[in-house]
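>>> quick one: sequence plus predicted model below, questions after.
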Amino acid sequence: GIKFGTRNALQYFDNFYNAELFVRCHGSYSVKITDPLKFFMEVVPRNASNLTFDALGDQFNMEFLTALQSAIGQMSVDGVRISALPSKSMELSKYMATVLDEDWTQARGMDICAVGIASISYDDESKALINMRNQGAMMGDPSVREGFVQSAVAKGLQSAGSNRAGAGQAYMAMGMGMQGAGNFMASASATNAQQMQQQAAAQAAPANGWTCTCGTVNSGNFCTNCGGKKPAPAGTWKCSCGAENTGNFCTNCGSKKPEPSGAWKCSCGTENTGNFCTNCGSKRG
């Protein structure tokens, strides 16, 4: 239950936001005496009849905060998201124990048992970066973008209705403005609708689905809409036994893939189909 708080903001590079963020942490930690004799010899004053942690002064807290900064920096290097720090109390305790092992465990006979972060606060610049990243991620969703477009139009209508100069003039001005921006709004909505359809089709498509030339997504060998056959993979060849293959040997009868029509073998050992060797450039004999 020993309280702590960082006086200055700690630097934390978050891979998710790809930015240097600055945070302040507040919480509490617990210590355990693992070597009573060493602790008595190195920490307890000689003339003390009793001892509380507060009586030890600020030295331990300063050492703890220094180790906390190092531990949090190591968690940053390990790719832990900054928003996950409050739920990483056990991991943070292990980081702290490693950092303080020589100073506290070996020299003073005490260990860090637990570190609990009660709150994490960001400075203003870090908040702005996080909000910008989150807004950008949201606007990457076409359904969210379309909702934003519709909301902007609705707010414009609402503002026009409450205009003191008269709703008629406001609607007229808004109509002129929308006429000028109409192409942009229509284009944005069309793009959003197209991307939403693509997302819906991708989610509905089966794992081994294929898209026919008519635009229908299918899972079988023939299109359910136009009856078109599923296209063969690139490099497919048909064996004399009727099986279609993509490798050099038939998976049904084991026959070797036939040589291309007009193939010839160069003196360098390369097989070609054109008039010149693709390896050495020699002319076909």
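Everything's here; your move. Since we're looking at a predicted model, the values are computed, not measured.
>>> tell me the domain ranges of the chain?
Domain assignment for the chain by automatic domain parsing gives 2-127, 217-254, 261-285.
>>> ok, residues contacting the shortest one?
It stands for domain 261-285. Applying C-beta atoms under 8 Å, 6 or more residues apart in numbering, the contact partners of domain 261-285 are 259, 260. Placement of C-beta: from N, CA and C, glycine included.
>>> helices of the stretch 1-150 of the chain, start to end?
Assigned helices in the stretch 1-150 of the chain, in chain order: 36-42, 59-77, 89-99, 107-108, 124-139, 142-161 (criterion: DSSP state H, counting those that start in this stretch).
>>> mean pLDDT lowest where, among those?
When those are ranked by mean pLDDT, helix 142-161 comes last with a mean of 57.
>>> and the contacts of stretch 116-132?
9, 17, 19, 21-29, 82, 85-86, 89, 92.
>>> pull the CA atoms of it into CSV?
Output in CSV follows, covering the C-alpha atoms of stretch 116-132 (Å, rounded to 0.1, in the frame of the first residue of the first chain):
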residue,chain,number,x,y,z
GLY,A,116,-0.7,-1.5,-9.0
ILE,A,117,-1.3,1.4,-11.4
ALA,A,118,-4.4,3.3,-10.4
SER,A,119,-4.5,5.8,-13.2
ILE,A,120,-2.6,6.9,-16.3
SER,A,121,-2.9,10.4,-17.6
TYR,A,122,-1.6,11.9,-20.8
ASP,A,123,-0.2,15.3,-21.5
ASP,A,124,-2.2,17.5,-24.0
GLU,A,125,0.0,16.7,-27.0
SER,A,126,-0.3,13.0,-26.4
LYS,A,127,-4.1,13.3,-26.0
ALA,A,128,-4.3,15.2,-29.4
LEU,A,129,-2.2,12.4,-31.1
ILE,A,130,-4.4,9.6,-29.7
ASN,A,131,-7.6,11.4,-30.6
MET,A,132,-6.3,12.1,-34.1
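>>> what are the buried residues along it?
117, 120, 122, 126, 129, 130 (16 or more other C-beta atoms under 10 Å).
>>> what's the spacing between residue 30 and residue 80?
In this view, residue 30 and residue 80 are 22 Å apart by C-beta to C-beta, to the nearest Å.
>>> correction: residue 10
Applying C-beta to C-beta to residue 10 and residue 80 gives a distance of 14 Å.
>>> neighbour count: the two, which is higher?
Between residue 10 and residue 80, counted using other C-beta atoms under 10 Å, residue 80 has the larger neighbour count: 21 against 17.
>>> not counting sequence-adjacent ones, nearest residue to the more buried one?
In space, and not counting its chain neighbours, residue 80 is closest to residue 88: 6.3 Å by C-beta to C-beta, 6 or more residues apart in numbering.
>>> so for stretch 211-224, mean pLDDT?
80.
>>> end to end, how far does that stretch reach?
Terminal residues of stretch 211-224 lie 11 Å apart, using C-alpha to C-alpha, to the nearest Å.
>>> now do stretch 96-104
Separation of the first and last residues of stretch 96-104 by C-alpha to C-alpha is 11 Å.
>>> tell me which residues in it are buried?
Going by neighbour count (16+ other C-beta under 10 Å), the buried part of stretch 96-104 is 96, 97, 99, 100, 104.
>>> biggest strand in this protein by residues?
Secondary structure of the chain per DSSP state E: the longest strand is strand 19-33.
>>> what is that strand packed up against?
strand 2-5, strand 10-14, helix 59-77, strand 110-122, helix 124-139 (3 or more C-beta pairs under 8 Å, 6 or more residues apart in numbering; DSSP states H and E).
>>> of all the ones you listed, which lies closest to residue 42?
Closest of the helices and strands packed on strand 19-33 to residue 42 is strand 110-122, at 9.4 Å (criterion: C-beta to C-beta).
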